[in-house]
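J.: sequence and computational prediction follow.
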Amino acid sequence: MGNSMGSTVDDLQAVEMHLWYKKFMTECPSGQLTLHEFKQFFGLRGLDSEANAYIEQMFRTFDMNKDGYIDFMEYVAALSLVMRGKMEHKLRWYFKLYDVDGNGCIDRHELLNIIKAIRAINGTENQDSSAEDFTNRVFDRIDINGDGELSLEEFVAGARSDEDFMEVMIKSLDLTHIVAMIHSRRRSI
């Protein structure tokens with residue numbers, strides 16, 4: 001009986017993988033997604049400079065082998081992490097995404113630009129608090145040693161304890177519209 005359940009899960013994953021592959025190859029017949037195609041793929045056009053920089057950073061983070069393209073395996077790894085990954089892995093990935101200069105810490109300027117970009121992309125610039133106030137509040141709460149930079153450890157622990165910050169991170173990689181497109185195509189197959 002356990003085998004039949006495992007088989008069903010495997011079959012579901014195989015079907016989903018096939019749909020992801022079809023979507024990827026439809027949008028990117030060459031099998032390698034460029035930055036321009038990446039923006040089109042996720043419906044991200046006409047962004048301000050901060051949002052554009054964030055999307056470029058996201059692209060570089062997805063491009064694991066740093067060849068300037070996202071291939072299908074990198075695409076699947078990214079979608080899998082975002083949609084199914086354990087929270088610890090997601091938080092580490094978010095940290096890598098937010099650490100724009102790659103120095104192993106996130107400073108106020110990096111976080112502020114990310115917050116502004118997320119708000120611009122999601123159309124939520126008009127919040128109760130400004131991006132600057134939100135950034136300051138995050139640093140006040142989770143920069144334990146007060147050095148003005150978030151280490152990986154501070155970031156992970158802080159994200160787990162600060163619901164507002166966690167919500168912003170989750171929204172920063174909201175791929176529900178991509179999943180909805182894949183599922184709508186599944187129904188039409």
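T.: Done, it's in.

J.: quick one, strands of this structure?
T.: 32-33, 70-71, 106-107, 149-150 (DSSP state E).

J.: which elements pack onto the last one?
T.: Translated: strand 149-150. strand 106-107 (3 or more C-beta pairs under 8 Å, 6 or more residues apart in numbering; DSSP states H and E). Quick note: C-beta positions are derived from backbone N, CA and C, even for glycine.

J.: any stretches of this structure with poor pLDDT?
T.: Residue ranges of the chain with pLDDT under 70: 1-12, 42-47, 122-127, 171-189.

J.: the helices in it, which residues?
T.: Here the chain has its helices, by DSSP state H, at 2-27, 35-41, 49-62, 72-84, 87-98, 108-122, 131-142, 152-161, 163-172, 176-188.

J.: and the third one, what's buried?
T.: For helix 49-62, the neighbour count (16 or more other C-beta atoms under 10 Å) marks 50, 51, 52, 53, 54, 55, 57, 58, 59, 60, 61, 62 as buried.

J.: that older thread, among the strands of the chain, which is nearest residue 94?
T.: strand 106-107 (9.6 Å; C-beta to C-beta).

J.: partners of the closest one, with directions?
T.: strand 149-150 (antiparallel) (DSSP bridges).

J.: can you list the residues that contact the partner strand?
T.: 105, 106, 107, 111, 139, 142, 143, 158 (C-beta atoms under 8 Å, 6 or more residues apart in numbering).

J.: for the first one, give me its contacts.
T.: Residues touching residue 105, when contacts are defined by C-beta under 8 Å, 6+ apart, comprise 99, 149, 150, 151.

J.: just to check, residue 53 is in contact with residue 113?
T.: Yes: applying C-beta atoms under 8 Å as the test, residue 53 and residue 113 come out as touching, 6.7 Å apart.

J.: quick revisit: among the contacts of residue 105, which one has the most neighbours?
T.: residue 150 (27 neighbours; other C-beta atoms under 10 Å).

J.: next one: that one relative to residue 20, how far apart?
T.: 33 Å (C-beta to C-beta, to the nearest Å).

J.: if we can go back for a sec, same list (the strands of the chain) but as TSV, adding distance to residue 77.
T.: Below are the strands of the chain laid out as TSV (distance: least, C-beta to C-beta, whole Å):
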stretch	distance to residue 77
strand 32-33	13
strand 70-71	10
strand 106-107	22
strand 149-150	25
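
J.: closest to residue 117 out of those?
T.: Nearest to residue 117, of those and by C-beta to C-beta, is strand 106-107 at 13.8 Å.
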